[in-house]
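In: Generate a structure from the sequence data that follows.
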Amino acid sequence: MIYEIIAIGGLLLLLTFFNAAETSLTGASQPLMHQLEAEGNRAAARVNKLRARKDRMLGAILLGTTLTQIVASGLATSIAIELFGPRGVALGALATTLVVLIFCEILPKTVAIRRPNRVALVLAVPMRLVVVAIGPPVAAVQWLVDGMLRVFGVKFEGGMKAEAALAELRGAIAMHGGRGAIRDERKMLRSILDLNDVAVGEVMTHRSNMVAADADQPAETVIDQAAASPHSRLPLWRGTPDNIVGVIQTKKLLRALHELRGDIAKLDVATIADPPWFIPESTSLLDQMQAFRIRHDHLALVVDEYGALQGVVTLEDILEEIVGEMPDRPMAKGQTVSGVRPEPDGSYLVEGDVTIRDLNRELEWNLPDEEAATIAGLLLFEARTIAEVGQKFLIHGFRFEVLRRQRNKITSVRVTPPGTMKRKSA
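Out: Numbers count the residues shown, from 1 in each chain. Predicted structure coming up:
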């Protein structure tokens with residue numbers, strides 16, 4: 001009987017090992033394991049090899065678990081029958097169930113759930129040996145199962161589709177909360193994944209706010225405008241502001257002045273301007289960033305489907321979608337977005353041309369940006385009319401109050417988030 005008890009103890013330890021291995025190897029972080037393998041961690045490499053053939057790994061675990069449970073239960077029942085007679089069947093089954101449930105199921109799985117990466121690295125070596133040892137019977141069982149599935153017309157696609165992979169990445173990024181650097185990194189990673197879903201028309205500088213110069217005016221006036229502009233490139237128009245004929249670079253302008261020994265009267269700005277580069281407003285930010293890299297350019301003019309000028313987009317605009325706004329001037333204390341000022345009561349004073357994407361990214365709101373790019377555009381779309389000063393609207397849980405309006409353009413809005421309204425009412 002002593003040998004049987006020792007055998008039962010060994011089988012229960014083996015069962016504990018299988019349960020801990022199953023939970024840890026399936027729950028370990030795949031990105032972390034790949035990173036550790038790249039750094040030379042051999043245990044992480046074994047974990048990745050086991051996960052690469054997850055069907056074989058799980059088959060070996062299930063086979064080992066089933067065999068150990070059956071043998072341990074049979075030995076425990078035989079001991080109980082010798083000690084207690086026919087009543088030993090029930091007593092043996094009860095004792096085995098309690099021991100297996102507490103010490104071989106709940107305990108190892110709890111430890112593996114709380115420390116999946118650490119436990120997986122420890123158990124990867126013995127689990128690899130188990131998979132190799134009982135590989136042939138597991139492969140035979142798997143072949144039988146696959147054959148049965150094919151008979152019933154069940155098919156599995158290999159690999160993970162791009163949409164599913166992106167969704168998994170978004171979910172992993174969203175899971176990691178926190179403040180400070182972690183919060184900023186999460187926003188940047190999420191913005192990178194969104195580059196292919198955002199069109200340049202959503203981030204461009206509208207033509208009403210575009211800085212451009214008349215190519216027919218004196219060169220001295222163009223130089224003054226270029227010097228006053230915060231940008232290194234200045235579009236040139238002729239006849240009407242919508243007729244862009246070139247883009248002049250400040251560096252080329254200075255080089256031309258140097259070659260002319262400062263004689264501004266001999267300078268013709270149109271001859272040193274680069275040809276304009278027009279792109280459709282539906283171009284994605286990812287495609288446009290690649291185009292900037294190929295052309296070694298930093299500015300493009302955006303046109304609609306009719307060829308009419310809509311605005312200008314720069315490489316800086318795309319980079320700001322990733323890293324956040326890079327203002328040309330210092331912002332007020334507590335201000336995170338240019339044109340947005342937080343108020344003591346929890347509301348925000350927002351200029352009408354502030355984009356919804358900037359608000360959602362910096363303040364973690366969920367305002368819709370499918371039909372409108374700016375706060376003013378969202379009000380126009382939802383209200384179906386040009387709102388008057390003082391009018392209030394409740395849109396997607398946010399309260400909007402129009403503060404200022406210039407002709408038909410809404411220039412300032414007070415936005416109160418849902419949580420702030422609940423605190424006020426309480």
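
In: Against residue 199, how distant is residue 281?
Out: Using CB to CB, to the nearest Å, residue 281 is found at 6 Å from residue 199. C-beta: built from backbone N, CA, C; applies to glycine.

In: same thing with residue 246?
Out: Distance check for residue 246 against residue 199: by CB to CB, it reads 25 Å.

In: now do residue 51
Out: Where residue 199 is concerned, residue 51 sits at a distance of 38 Å (CB to CB).

In: Break down the stretch 151-300 of the chain into its helices, ranges please.
Out: Applying DSSP state H, counting those that start in this stretch to the stretch 151-300 of the chain gives helices spanning 162-175, 181-194, 219-228, 250-259, 269-272, 285-295.

In: quick one, longest helix in this structure?
Out: With DSSP state H setting the assignment, residue counts place helix 54-84 as the longest helix in the chain.

In: isn't residue 166 right up against residue 195?
Out: No - taking CB atoms under 8 Å as the contact criterion, residue 166 and residue 195 are not neighbours in contact, 11.5 Å apart.

In: Could you pull out the residues contacting both of the two?
Out: By CB atoms under 8 Å, 6 or more residues apart in numbering, residue 166 and residue 195 have no common neighbours.

In: can you list the domain ranges for the protein.
Out: Per the record's domain assignment (automatic domain parsing), the chain is made up of the domains 2-151, 162-196, 199-323, 340-425.

In: Comparing the ones you listed by mean pLDDT, which bottoms out?
Out: Lowest mean pLDDT within those: domain 162-196, at a mean of 73.

In: can you pull the contacts of residue 210?
Out: The neighbours of residue 210, taking CB under 8 Å, 6+ apart as the test, are 235, 311-312.

In: tell me the pLDDT at the nearest residue to residue 351 once chain neighbours are set aside?
Out: The shortest distance from residue 351 to any non-neighbouring residue, by CB to CB, 6 or more residues apart in numbering, is to residue 339 (3.7 Å). As summarised for this prediction, residue 339 has a pLDDT of 85.

In: Quick one: residues contacting residue 339.
Out: 350-351, 353-354.

In: What remains of those residues if I keep only buried residues?
Out: The neighbour count (16 or more other CB atoms under 10 Å) marks 350-351, 353-354 as buried among the contacts of residue 339.

In: ok, which pair from these is furthest apart?
Out: Using CB to CB, the pair of these lying farthest apart is 350 and 353, separated by 9.5 Å.

In: what's the overlap in contacts for those two?
Out: Residues touching both residue 350 and residue 353 (CB under 8 Å, 6+ apart) are 339, 375.

In: what about the residue of the chain positioned farthest from its centre, distance to residue 93?
Out: In the chain, the residue that sits farthest from the middle, by CA atoms, centre = their mean, is residue 85; the gap is 64.0 Å. Residue 85 sits 15 Å away from residue 93, going by CB to CB.

In: With residue 361 instead?
Out: Summarising the geometry, the distance separating residue 361 from residue 93, computed by CB to CB, is 59 Å.

In: The two - which one has more neighbours?
Out: It is residue 361, of residue 361 and residue 93, that has more neighbours when counted by other CB atoms under 10 Å, with 22 against 14.

In: so who does the residue lying closest to the more buried one once chain neighbours are set aside touch?
Out: Excluding its sequence neighbours, the residue lying closest to residue 361 (CB to CB, 6+ apart) is residue 187, at 5.6 Å. Shown in contact with residue 187 (CB under 8 Å, 6+ apart): 324, 361-362.
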